[in-house]
Structure formats: structure tokens, C-alpha cells
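Undergrad: Generate coordinates for the sequence data below:
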Amino acid sequence: MTGALVAVGGGALVAFALVDALWTTVAPRGAGPVAGRVGRGVYALAKALGGGRAPGWTGPATLVAAFLWWTGALWLGWWLVFSADPASVVDPKTNAPADALSRAYAVGTYLWTLGLGALWAPGSGGWGVIASAVALNGFAVVTLVVTYVLQVVGAVTGARQLAGVVDGLGATPHEVVARAWTGSGFDGLGQHLANLTPMVEAHGRRHEAYPALHFFGSRERRTSAPVMLAVLDEALLLLAEGVTPAARMAPAEVEPLRRVLGDYLDTLSASFVDEADGAPEAPSLAPLAAAGVPTVEDEAFRQAAEAEGARRRCLLGLVRDAGREWNAVDHP
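TA: Numbers count the residues shown, from 1 in each chain. Next up, the predicted model:
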């Protein structure tokens, strides 16, 4: 009876680890219940060690920690299954049962597909079949992890590319608007915003599919997606509310990107980012007026910015989560 309980406990642990690995690497939304907590724990520890900004090794460390959890749980689970029967692993020469440590070694060779081992062998045909299942299990998990890592690396590259495209429009919200002003309108900017919309949408979906993406930061401001997306959102606020109605872009050119950015912020606030206690100060309209852009009255714009308080608190929380303050958005 005791052996059966041990085998059931081991099988349950194996099943739970497999579900967690599949949930994280294959499911289109979110990390598994344990892998997600492991990642957030490593991220919090790294930020604490880095004085508020996660070091560059944080992202890879979260992937390694998840891999160690999956493989460690599988190894322990299968060891418990084999420990249910003292004769599950034997010396092929003397047929003597293996001790607990030797069983762990044998299970490890099966799990890492190193063969059945020269020192120890399955005690029967049935245990040989189970050993083959362990090898298949190990091969599948390693394949999943390698595929997942490649996808995350691609997502990180995409996030930095997105930040670089925004930086190409302007380093600050005021610069984005002022550089696009032609003296009579914002001809040409609409196409750039239209091109950015699917890129931001894809970035948000990747955060849902690969939560580990959030743990990869960037040392450079221009390739930091949190900072540059905050720049973009503030620029859109200036375009939508700070420019006089007669000179504004059509809502169909600005609102789709604003909506997609809002969805992205909702995704992050649900799992990773806490809103700041207060919204940042509304951006000044003086730099735009100095560049010849017609603007509304300061009070009218301030009220419009206050109406976007929840959104801008989330933006500030996102920038702080990346280890920076709001002046990184306004002043490069």
C-alpha cells in the first residue's frame, strides 16, 4: 500500500510539472502556476539586488529557474515512481536491487535520454517500458524548452525593434509631434502610426504568450520598450488633445494606435505592473508652441490629461518597473 501511494504521489508530481511546462510553453496566454511565480520571484529578487533596476541577466535567469523547476520536479516524480518497487532498478550482473541514490542516478539517465545506463537496468520488462516513457518525457520537455527559449529571444528582439522605431520618430513626446509638423499639418505621420499599430498589437500578444518577455530589460533608453511606448503614448495624447482641433490629425489616424496601447497596458497591469499612486504631471505645451505647432489653452489640456489619469498612472508604473523614472520619458 505504501509503495502504491509513493507511486501515485510521484505520478501526480510528474503530471503537474508537465502541465505547468505545457501551459507555459504552448498555451497562448500566460505562464503556468508555478513557472509564473518562479519568474516573478527571480525578477523581484534581481530588482532588489540591482537597486530597483533588474540587471541584464534577469531574463535568462528566469528561464533557467523555470527549466530547473520542471526538470527537478520530473526527476523527483519519476524517482518516487521507481521507488515504489525496490526491484525496479537492479544491477544487471548480480540482479541486486539498487539503493535510493542509485535509483536517482538511473532515473536521471533515463530522463536525459542517456540510455538505460551500464551500471543499472530496469528490474523487469514493465519497468523497462516505464523507463522508455521517462526518456520520451525528458526528450519532449527539453524540446519544448529549447523552442520556447528561441521564441522568447525572438520576442525580445521584436520589442527592441519596436522601441527603436518609436525612437526614430522622436526621442521625446514633444519631439515626435514637432518633427512631424509641416507648418500646416502632420502629413506623413499617419502612415508611421498605422505601421506601428500592428507592431504594438503583436508586442502585447507576445507578452500574453511569453510572460518571460517582461523580465528582459534594456540598458539603452532607445531600445527600452517600456520607456519608448510611454513616449509614444504621450505623443498621441499631445496630438489628440494638445493640438488645436483645426490642426489635429483625423481620429482614425490616432485612435487605433491609442486603443492598442491601452490594451497593452491592460495586459501588463493584470499580471506585472502596479499603477503609480499618482499620474505624472501633464506635459507642457510650450515646446510645441515654440516649434510653431498650434496648441489649445494650457488649462484645457491639463484637464484632458487628468481625464487620462488611470492610463498615465499605469504608464508611470510601467516606466518605474523598468527601473527608470518619468524624466526618462520627457528628457532623454
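
Undergrad: quick one: which helix or strand includes A66?
TA: In this structure, A66 is located in helix 58-83 according to DSSP states H and E.

Undergrad: Same question for that helix: list its buried residues.
TA: Within helix 58-83, the residues scored as buried using 16 or more other C-beta atoms under 10 Å are 58-59, 61-63, 65-67, 69-71, 73-83. The C-beta positions use only the backbone N, C-alpha and C, and glycine is treated the same way.

Undergrad: Confirm N95 sits in a strand?
TA: No: counting by DSSP: H, G, I helix; E, B strand; the rest coil, N95 is not part of a strand but coil.

Undergrad: What distance do you get for it to F82?
TA: In this view, N95 and F82 are 16 Å apart by C-beta to C-beta, to the nearest Å.

Undergrad: shouldn't A171 be in contact with R222?
TA: Yes: A171 is within contact range of R222, at 7.4 Å (criterion: C-beta atoms under 8 Å).

Undergrad: before we move on, back to that, same for the helix holding A66, what does it pack against?
TA: Here helix 58-83 touches helix 2-25, helix 33-49, helix 100-111, helix 125-169, going by 3 or more C-beta pairs under 8 Å, 6 or more residues apart in numbering; DSSP states H and E.

Undergrad: Which one of the ones you listed lies nearest to F272?
TA: Proximity to F272 (C-beta to C-beta) singles out helix 33-49 among the helices and strands packed on helix 58-83, at 7.8 Å.

Undergrad: Just the residues contacting stretch 29-47, thanks.
TA: With C-beta atoms under 8 Å, 6 or more residues apart in numbering as the test, stretch 29-47 has contacts from 16, 19-24, 53-55, 57-58, 61-62, 65-66, 69-70, 208-209, 211-212, 214-215, 271-272, 323.

Undergrad: count of neighbours near the closest residue to G323 other than its chain neighbours?
TA: Nearest non-adjacent residue to G323, counting by C-beta to C-beta, 6 or more residues apart in numbering: R53, 2.6 Å away. As a burial measure, R53 scores 17 neighbours (other C-beta atoms under 10 Å).

Undergrad: This completes my enquiry, with thanks.
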